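1. I'd like to go over a predicted model; first the sequence, then the structure.
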Amino acid sequence: MKLNIKNTFTSENPADSNLENSRRQVTEAVFSYANPKKTNAPKVLHISPEMASELNISEEETKSEFFKNIVTGNEIYPNTKPFAMCYGGHQFGNWAGQLGDGRAINLFEVQHQNKNWKVQLKGAGETPYSRTADGLAVLRSSVREYLCAEAMFHLGVATTRSLSLSLSGDDVLRDVLYDGNPAYEKGAIVSRISPSFLRFGNYEIFAARKDVKNLKVLVDYTIKHHFSHLGKPSKENYINFFKEVSERTLNMIIDWQRVGFVHGVMNTDNMSILGLTIDYGPYGWLEGFDFGWTPNTTDRQHKRYRYGNQPNIGLWNLYQLANALYPIIEEVEPLNAILEQYKIDFEHRSLRMMQSKLGLYTNHKDDLKLIQNLEDNLQLVETDMTIFFRNLANFDKVDKSNSLNIIENAFYNLDDISDEVKIQWNLWFDTYFQRLQMEFHTNEDRKEKMNAVNPKYVLRNYMSQLAIDEADKGNYDLIDELFQLLKKPYSEQPKNQKWFAKRPEWARNKVGCSMLSCSS
Ligand code: AMP
Ligand code: MG
């Protein structure tokens with residue numbers, strides 16, 4: 001396994017001069033050196049062949065002892081120095097001070113085919129940023145991160161990627177429900193990959209400490225390596241940089257809304273500077289369409305990170321980033337203009353996205369109303385988002401007599417479908433029918449286009465949980481089955497029809513299915 005190792009991040013950013021792996025405040029540094037912890041009985045459970053080849057690792061090599069040892073932290077790749085990054089963040093709306101990679105350790109940077117990838121282990125032991133926790137991760141949360149990152153990529157949503165999922169062979173104590181009943185679970189390690197793991201919080205921490213010098217070093221590094229098309233770092237380009245981060249963040253969130261993904265913990269330390277979905281924790285997928293839904297039990301009361309609020313939170317987080325960048329820009333106006341533009345772009349992009357989900361490719365003045373009425377209808381009774389939109393592609397613009405039947409299997413409880421509900425839906429279908437007459441696409445053309453934006457298969461919460469329960473018993477087949485399924489989320493896969501189904505009743509209130517905790 002011969003990797004083309006680079007050190008741009010560690011050689012161009014200030015390192016923590018303290019080499020001890022002890023928990024502390026780290027100042028004037030972007031990262032601290034820290035080695036992964038050796039584990040008892042490492043075992044690789046799954047590998048993404050696609051990501052291995054992105055790093056120039058052959059299939060043969062992924063089966064080696066050496067690969068296993070690297071992706072579980074038991075061996076360090078020659079001439080590399082693992083490290084943890086220093087960042088802060090706003091958690092649930094409040095400044096939380098220093099957070100940092102408490103259980104993520106960056107192994108190295110690999111350059112291959114003009115791409116530069118950072119390779120990171122999640123759950124490989126403590127770092128100076130571990131605060132009061134152990135730096136470890138459990139199988140449950142690792143399966144979820146591993147599968148979801150790849151699923152999101154294939155859905156066309158910007159995301160970090162997964163390379164491998166492994167057991168550490170050590171047990172980890174966790175109190176899943178935070179109710180004083182901790183239990184041992186299997187420890188696991190995910191190796192994940194991204195062009196960068198930098199977060200809004202990496203910039204915020206320097207601004208909070210009034211360390212403008214190092215803030216500038218990090219921003220200059222970011223522009224040089226990740227936004228080089230903007231040109232040399234300058235005050236003007238700091239503004240352009242912020243503009244692009246704002247646009248990428250919006251793009252990502254519009255895609256989340258399109259596929260029904262709820263991140264669950266949109267703290268600024270979980271916001272990637274590249275606009276990638278990062279840190280898959282208590283995330284969830286909408287089953288019943290519901291703007292008010294959040295999977296995260298910690299957020300149950302205020303629902304700050306609920307589905308319908310994600311675009312607003314994206315903006316709120318960008319305000320925090322704008323504040324952090326202000327010391328090197330020193331002008332409020334251009335930053336405000338970009339934040340204002342986010343709101344305008346959101347309205348526009350959101351409409352476009354919903355039009356595409358409905359198969360509408362021209363603009364009509366009443367489209368917004370049509371969409372709002374649809375969103376109201378979807379919330380009349382519990383209606384499965386994924387099944388609804390997928391089936392809507394079967395709507396016949398020539399004969400509307402069958403409309404309700406098309407979406408019938410999206411309803412969770414047919415007894416809920418009162419005459420009143422039927423009237424509301426028929427009214428909506430009448431308007432939709434008329435609206436479709438203004439489009440020149442045939443039924444077949446429209447269906448093909450709609451099926452390219454409305455996925456058939458998503459990683460429903462109960463699907464992960466089934467894979468986790470099996471894996472806990474030592475059977476990893478379902479992990480692979482879901483991994484393969486989710487490589488083609490927009491395709492009809494007749495053999496996999498069973499995964500195009502509503503959440504089963506047993507999963508309605510089950511921990512891990514509808515309720516996720518941050519304990520991971
Ligand atoms: P999160 O919101 O889950 O992304 O995590 C917030 C912060 O807590 C980050 O700084 C994490 O590195 C840290 N953290 C979460 N879990 C652990 C853990 N088991 N050990 C050490 N640090 C952790
Ligand atoms: Mg995080």
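-> Right, received. Where do you want to start? Ligands and ions are numbered 1, 2, ... in the order given.
2. For residue 518, give me the pLDDT.
-> What the model reports as pLDDT for residue 518 is 81.
3. separation between it and residue 386?
-> Distance, residue 518 to residue 386, using CB to CB, to the nearest Å: 25 Å. Where you see a C-beta, it was placed from the backbone N, CA and C, and this is true even at glycine.
4. more crowded one of those two?
-> residue 386 (24 against 15; other CB atoms under 10 Å).
5. how would you label the more buried one: helix, strand or coil?
-> Secondary structure for residue 386, judged by DSSP: H, G, I helix; E, B strand; the rest coil, is helix.
6. ok, and the closest non-adjacent residue to it?
-> Excluding its sequence neighbours, the residue lying closest to residue 386 (CB to CB, 6 or more residues apart in numbering) is residue 458, at 5.5 Å.
7. Over to residue 109?
-> The shortest distance from residue 109 to any non-neighbouring residue, by CB to CB, 6+ apart, is to residue 6 (4.4 Å).
8. And the helices in the stretch 101-250 of the chain?
-> 139-155, 200-208, 212-226, 235-259 (DSSP state H, counting those that start in this stretch).
9. quick one on the thing from earlier: who's in contact with the residue nearest to residue 109?
-> Contacts for residue 6 were tallied using CB atoms under 8 Å, 6 or more residues apart in numbering; they are 109-111, 116.
10. Please apply the same query to residue 285.
-> If you count contacts by CB under 8 Å, 6+ apart, residue 285 has them with 259-262, 386, 458-461.
11. Next step: those restricted to helices.
-> In this view, these that belong to helices under DSSP state H are 259, 386, 461.
12. Throw these into CSV and include distance to ligand 1, thanks.
-> Output for the ones in helices among the contacts of residue 285, formatted as CSV (distance: CB to the nearest ligand atom, whole Å):
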residue, distance to ligand 1
259, 21
386, 26
461, 18
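13. which of those has the weakest pLDDT?
-> Comparing the ones in helices among the contacts of residue 285 by pLDDT, residue 461 comes last, at 94.
14. Run a quick check on it versus residue 509, I expect a contact.
-> No: checked against CB atoms under 8 Å, the pair residue 461 and residue 509 is beyond contact range at 11.5 Å.
15. Looking at those two now, which is surrounded by more residues?
-> Counted by other CB under 10 Å, residue 461 and residue 509 do not tie: residue 461 has more neighbours, with 22 against 9.
16. Look up how far residue 163 lies from the more buried one.
-> 24 Å.
17. do the same with residue 228
-> On the measure of CB to CB, residue 228 and residue 163 end up 25 Å apart.
18. what do you get for residue 115?
-> For residue 115 relative to residue 163 (CB to CB), the value is 14 Å.
19. Which neighbours in the sheet does the lengthiest strand in the chain have, and how are they oriented?
-> Ranked by number of residues, the top strand in the chain under DSSP state E is strand 161-174. Strand 161-174 has the following strand partners under DSSP bridges: strand 43-47 (antiparallel), strand 183-194 (antiparallel).
20. packing partners for the next helix or strand after the first one?
-> Pointing back at strand 43-47 there. Under the assignment DSSP states H and E, the closest C-terminal helix or strand after strand 43-47 is helix 49-54. The helices and strands touching helix 49-54, judged by 3 or more CB pairs under 8 Å, 6 or more residues apart in numbering; DSSP states H and E, are helix 59-62, strand 161-174.
21. buried ones in helix 49-54?
-> 51-52, 54 (16 or more other CB atoms under 10 Å).
22. can you pull the contacts of the residue in the stretch 401-520 of the chain positioned nearest to ligand 2?
-> Nearest to ligand 2, among the residues of the stretch 401-520 of the chain, is residue 518, at 9.5 Å (CB to the ion). If a contact means CB under 8 Å, 6+ apart, then residue 518 has 265, 281-282, 296, 298 as its contacts.
23. could you dump the contacts of residue 285 to CSV with distance to residue 439?
-> Formatted as CSV, those follow (distance: CB to CB, whole Å):
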residue, distance to residue 439
259, 23
260, 24
261, 28
262, 31
386, 23
458, 26
459, 32
460, 31
461, 35
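24. Residue 377 looks like it's in a strand, true?
-> No: read with three-state DSSP, residue 377 is helix and lies in no strand.
25. Please report how far it lies from ligand 2.
-> 36 Å (CB to the ion, to the nearest Å).
26. And residue 227, by the same measure?
-> 23 Å.
27. Which residue comes closest to that residue once chain neighbours are left out?
-> Here the residue nearest residue 227, using CB to CB, 6+ apart, is residue 241, at 5.4 Å.
28. pretty sure the one you found contacts residue 231?
-> No: counting by CB under 8 Å, residue 241 does not reach residue 231; the two are 10.3 Å apart.
29. Mind checking which of these two has more residues around it?
-> residue 241 (21 against 11).
30. How many residues are close by residue 219?
-> That count, for residue 219 with other CB under 10 Å as the rule, works out to 24.
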